[in-house]
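S.K.: Give me coordinates for this.
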Amino acid sequence: MDRATFACSTAFFRDYSSSSQGAFCLPGGHIDFIEKVESFTYSDFFRDYLIPNHPCIFSAKFTEDWGSRRSWVTWDGKPNFDYLLQKFGEAVVPVANCDVKEYNSNPKEQLPFKEYIKYWKEYIKNDYCSSRGCLYLKDWHLSRAFPEQDVYTTPVYFSSDWLNEYWDAIAVDDYRFVYMGPKGSWTPFHADVFRSYSWSANICGRKKWLLYPAGQEEYLKDRYGNLPFDVTAPGLQDRSVYPHYNQSQPPVEIVQEAGEIVFIPSGWHHQVYNLLIMKSCTGIDYKEFYNFLKVIAENRISVLENGLDDEASAKNTPKAAISTLGMLHAVFDLKRTVKVLTSLSANEDFKKLDLTSLSPPPEALLHHLKAAIDTALL
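M.R.: The predicted structure is shown next:
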């Protein structure tokens, strides 16, 4: 991150907190398309999309060197079932039934990957119809299960990934998923975990996205405060059930082609008709959220205070990513962490915790963060 971007992004939050913010609207539903890798920097993305919370689409040039783009797709642009079976045939995968509603999602079962591919082939052969319904492989932790496979490389624009940085640090989980399924498979209306940003790369086929800017979901709730399962359902026109639907903006619609990446900003609700995607997507209590902030902060403090030796810099680790993004990015992250931690410390429910069980105590961590920021900016 360069100094101009650091100054601009810091000013954004100062101006945001001191002014009244209205509902965000993209002019004419337009979303920027980023064509060239060589002319689009991390600072460009951070300043123009991540911080102001604007979606964008990256061209297929950003993924052309991925292993999945080379090996998972046949010459005519279809899923390479033979290759996928060879590499992952014995895996057990989570599969959802898109034809069945269970609460506000779809019921899941675990299936052998080879059985799912057999189903998929039969589904296509039977003109996209099956007595088993439309089955959709989703939330598969493929990278965790097969770390040796050359599937994808995280673009630098998404390398500041606090959620996965935390889960990797405590070795509990991760939120890197592969989804794949036939024509007609889809994901019901939702926003991503913690209302975080996410990114989704389409390996083959096409996908349609319906995106609602953060805040618009309030107009889509029914009279009981529940979000709809399907934002295209005719029932949303019934004012006795959805009293504010007529106040909502139309969704921003994206048709995502093979190889393209969609950036979904924080808090944007969406509904997706998928063929194959990779994306990140939790719920944790106050104590774990404090530990989450601590891990993020301590990684950045370590980089600011100690830097990285040549061996550590060469490894694919969160600290190496922070170092690559630069000192100012680490300072910016720490400033945002101070803001969140200050708010958390003032929260009445958080104060009910046994704060002596937190190490270090919140006040000590805040002091350490502020000292690290002051030292770095000298």
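
S.K.: Tell me, how many residues neighbour residue 288?
M.R.: 14 (other CB atoms under 10 Å). Where you see a C-beta, it was placed from the backbone N, CA and C, and this is true even at glycine.

S.K.: Check what contacts the helix or strand where it lies and list those residues.
M.R.: According to DSSP states H and E, residue 288 maps onto helix 286-306. Here helix 286-306 makes contact (CB atoms under 8 Å, 6 or more residues apart in numbering) with 162, 165-166, 169-170, 284, 318-319, 322-323, 327, 330-331, 333-334, 337, 340-341, 344, 347, 349-350, 353, 357-358, 360, 362, 365, 368-369, 372, 375-376.

S.K.: How about stretch 85-100?
M.R.: Defining contact as CB under 8 Å, 6+ apart, one finds that stretch 85-100 is touched by 105-114, 116-117, 132-140, 142, 145-146, 149, 181, 184-186.

S.K.: Torsion angles phi and psi at the most centrally placed residue in the chain?
M.R.: With distances taken as CA atoms, centre = their mean, the chain has residue 198 as the residue nearest its mean C-alpha position (1.9 Å). Per-residue torsions, residue 198: phi -150, psi 170 (degrees, to the nearest 10).

S.K.: how near is it to residue 371?
M.R.: 33 Å (CB to CB, to the nearest Å).

S.K.: Then residue 99?
M.R.: Distance, residue 99 to residue 371, using CB to CB: 56 Å.

S.K.: Give me the more crowded residue out of the two.
M.R.: Shown here are residue 99 and residue 371; by other CB under 10 Å, residue 99 has more neighbours (14 against 11).

S.K.: Am I right that the more buried one sits in a helix?
M.R.: No. Using DSSP: H, G, I helix; E, B strand; the rest coil, the assignment for residue 99 is coil, not a helix.

S.K.: ranges for the strands of the chain?
M.R.: 32-34, 56-58, 92-97, 108-112, 135-140, 177-180, 186-190, 198-202, 207-212, 252-256, 261-264, 269-273, 276-279 (DSSP state E).

S.K.: If you count neighbours, what's buried in stretch 116-125?
M.R.: For stretch 116-125, the neighbour count (16 or more other CB atoms under 10 Å) marks 116, 117, 119, 120, 123 as buried.

S.K.: Would you mind giving me the PyMOL syntax to select the buried ones in the contacts of helix 286-306?
M.R.: Selecting just the buried residues from the contacts of helix 286-306 in PyMOL takes one command, with 16+ other CB under 10 Å as the test:
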select buried, resi 162+165+166+169+318+319+322+323+327+330+331+333+334+337+341+344+350+358+362+365+368+369+372+376
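
S.K.: Look at residue 137 and say how many residues are nearby.
M.R.: The local packing of residue 137 (other CB under 10 Å) involves 26 other residues.

S.K.: doesn't residue 182 make contact with it?
M.R.: No. The pair residue 137 / residue 182 is not scored as a contact, 9.9 Å apart, by CB atoms under 8 Å.
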